[in-house]
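[1] Structure for this input, please:
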Amino acid sequence: MTHPSESLQSAARDHLWMHFARHAPVAAGAEVPMIVRGEGAYVFDDKGRRYLDGLAGLFTVQAGHGREELAQAAAKQAAELAFFPIWSYGHPKAVELAARLADLAPGDLNRVFFTTGGGEAVESAWKLAKHYFKLVGKPTKHKVISRAVAYHGTPHGALSITGLPGLKAPYEPLVPSGFRVPNTNLYRAPEHGDDPEAFGRWAADRIEEAIEFEGADTVAAVFLEPVQNAGGCFPPPPGYFQRVREICDKHDVLLVSDEVICAFGRLGTMFGAQKFDYQPDIITFAKGLTSGYSPLGGMLVTDRLFEPFAQGTNMFAHGYTFGGHPVSSAVALANLDLFEREDLLGHVSRNEAAFRATLEKLLDLPIVGDVRGDGYFYGIELVKDKATKETFDGDEAERLLRGFLDKALFENGLYCRADDRGDPVVQLAPPLVSDRTQFDEMEQILRTVLTEAWAKL
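    All right, here's what the predicted structure looks like:
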């Protein structure tokens, strides 16, 4: 008799196309890790082994796994109204959620356009920026500026905004008009590395330089994450976003805060822009809005950007079948109720310093060059030489990350991300319910595995 797990492995090997995954090992007989259950900050595989979810699924499961109230909200809504589109219609949960998000967002971000995920939200924001400027008589403003190494999604437009050449190359030619500026990696700052405020001013001024070089009459928007994900959690230097806001206002360029990861408590605030005290024109969001219990994303938009679409026959000719899905909207509302009831934002704010301090213990290891991030969102950069900050070359990074770390961390009970989009890093973003018990567990596993990795070099 075939064991159920064997049947699943066979089906996965023959039929499942995993995302961002190399399939050669599976084709050669390796097992697909099969996660079957979650509880709090942990997940369990089909063999009963427990793993600390150090990445909240994919920067998503804010409220933790196994929250029955979220599952019940989905079931109740599905029994009442499982689906109806918001193409010229409304339904109560989408309306209630839009109003609630507008109330939570900073400034006059009062309009919500729903999608099903983050890439779609970024795609929508670029389309909106171009369409808006056409409606207000500035049709040549269509270009976008984003940062080197930054990741903004996989659809063709979002991928064009992404600053990772290796991810883009297989799909070129992409959408034209995307331009890159330096990111805020203070650890590898080309200038002012000993002065964060001066470095922030320098990095922000590169945005103005790019706008002026391309021509302000051609640039529609700047896309920035509050804390940049790819490359390993780059926080903004002091004053950086305030200077970017000044630059965008001066040149009539929209500031898009891509908060697919950073919204909904990841940094200890509802939105990342609130953590760093700046006012975007658009916020893109997804992931943590439902804690991953159902797919949902979208963008929050200022009244000014919506106003031309409320006139005459104008229409934003854009939408998604499942955007604002009734079940997802109901789950999001229940998730936000849970945020308030359990004070998850306060929990992160009270514990973020302990999370940082626990991870910074790893700086005594010769392979750990930098620990950086904010809230419950951190990257650990790995180096060959701490004194010179020498990084690993491509082959070395391949052997270190995919040849050893990925598997070793998981086998030791920690699910996280070991990545080389930029310099080699280990990223950590646990569920927001995590506390010092989980921080200590992460540090101990990382210490064991990174020590072994150094010995193998």
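
[2] from here on, contacts and neighbour counts on C-alpha atoms
    Noted.

[3] in the stretch 201-350 of the chain, which spans are helices?
    For the stretch 201-350 of the chain, the helices defined by DSSP state H, counting those that start in this stretch cover 240-251, 272-275, 303-306, 326-342, 344-360.

[4] Could you list the buried residues of the last one?
    When neighbours are counted by 16 or more other CA atoms under 10 Å, the buried residues of helix 344-360 are found to be 344-345, 347-349, 351-352, 354-356, 358-360.

[5] which of these lies closest to Gly193?
    For Gly193, the nearest member of the buried residues of helix 344-360 is Glu360. The distance, counting by CA to CA, is 19.5 Å.

[6] For Lys130, see how far away the closest residue to that closest one other than its chain neighbours is.
    With CA to CA, 6 or more residues apart in numbering as the measure, Val371 is the residue that lies nearest to Glu360, at 6.2 Å, once sequence neighbours are left out. Distance, Val371 to Lys130, by CA to CA, to the nearest Å: 38 Å.

[7] So those two - more neighbours on which side?
    For Val371 against Lys130, the residue with the higher neighbour count under other CA atoms under 10 Å is Val371, and the figures read 24 against 20.

[8] Could you say which helix or strand holds that one?
    strand 368-374 (DSSP states H and E).

[9] Paired strands for that strand, with orientation please.
    Using DSSP bridges, strand 368-374 pairs in its sheet with strand 377-382 (antiparallel).

[10] which residues make contact with the helix or strand following the partner strand from outside it?
    Heading C-terminal from strand 377-382, the first helix or strand you meet, by DSSP H and E, is helix 394-397. Counting by CA atoms under 8 Å, 6 or more residues apart in numbering, helix 394-397 makes contact with 420, 424, all of which sit outside it.

[11] Figure out how far helix 394-397 is from the centre of its chain.
    25 Å (CA atoms, centre = their mean, to the nearest Å).

[12] ok, now stretch 61-80?
    Computed by CA atoms, centre = their mean, the chain-centroid distance of stretch 61-80 equals 22 Å.

[13] and what of stretch 50-68?
    15 Å.

[14] end to end, how far does that stretch reach?
    20 Å.

[15] Could you give me the buried positions within that stretch?
    Burial within stretch 50-68, assessed by neighbour count using 16+ other CA under 10 Å, is assigned to 50-67.

[16] List the ones among the residues you listed that fall in strands.
    50-53 (DSSP state E).

[17] Once you drop chain neighbours, what's closest to Asp370?
    Sequence neighbours aside, Glu381 is the residue nearest to Asp370 in space, at 5.1 Å (criterion: CA to CA, 6+ apart).

[18] Could you report the distance from that neighbour to Glu352?
    As judged by CA to CA, Glu381 and Glu352 stand 19 Å apart.

[19] OK, contacts around the nearest residue to Leu296 once chain neighbours are set aside?
    If the residues on either side of it in the chain are set aside, Leu296 comes closest to Thr116, at 4.2 Å by CA to CA, 6+ apart. Thr116 sits next to 286, 295-298, 320, 322-324 when contact means CA under 8 Å, 6+ apart.

[20] ok, now with 10 Å
    With CA atoms under 10 Å, 6 or more residues apart in numbering as the criterion, the residues that contact Thr116 are 285-287, 294-298, 320-325, 328.

[21] Buried ones only from these, please, as a ChimeraX command.
    A single ChimeraX command selects the buried members of the contacts of Thr116 (16+ other CA under 10 Å):
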select :285,286,287,294,295,296,297,298,322,323,324,325,328
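
[22] closest to Glu411 among the contacts of Thr116?
    Taking these together and measuring to Glu411 by CA to CA, the closest member is Lys287, at 26.3 Å.

[23] The closest one and Ser328 touch, don't they?
    No - under the criterion of CA atoms under 10 Å, Lys287 makes no contact with Ser328, lying 11.4 Å away.

[24] which residues are common contacts for those two?
    Residues touching both Lys287 and Ser328 comprise 116, 293-297, with contact defined as CA under 10 Å, 6+ apart.

[25] the strands in the stretch 51-200 of the chain, which residues?
    Taking DSSP state E, counting those that start in this stretch as the criterion, the stretch 51-200 of the chain carries its strands at 111-115, 143-147, 178-181.

[26] Ok, which of those comes nearest Ala263?
    Nearest of these (CA to CA): strand 111-115, 14.6 Å.

[27] relative to helix 326-342, how tilted is that closest one?
    Relative orientation of strand 111-115 versus helix 326-342 (axes from the mean of the first three to the mean of the last three CA atoms, to 10 degrees): 120 degrees.
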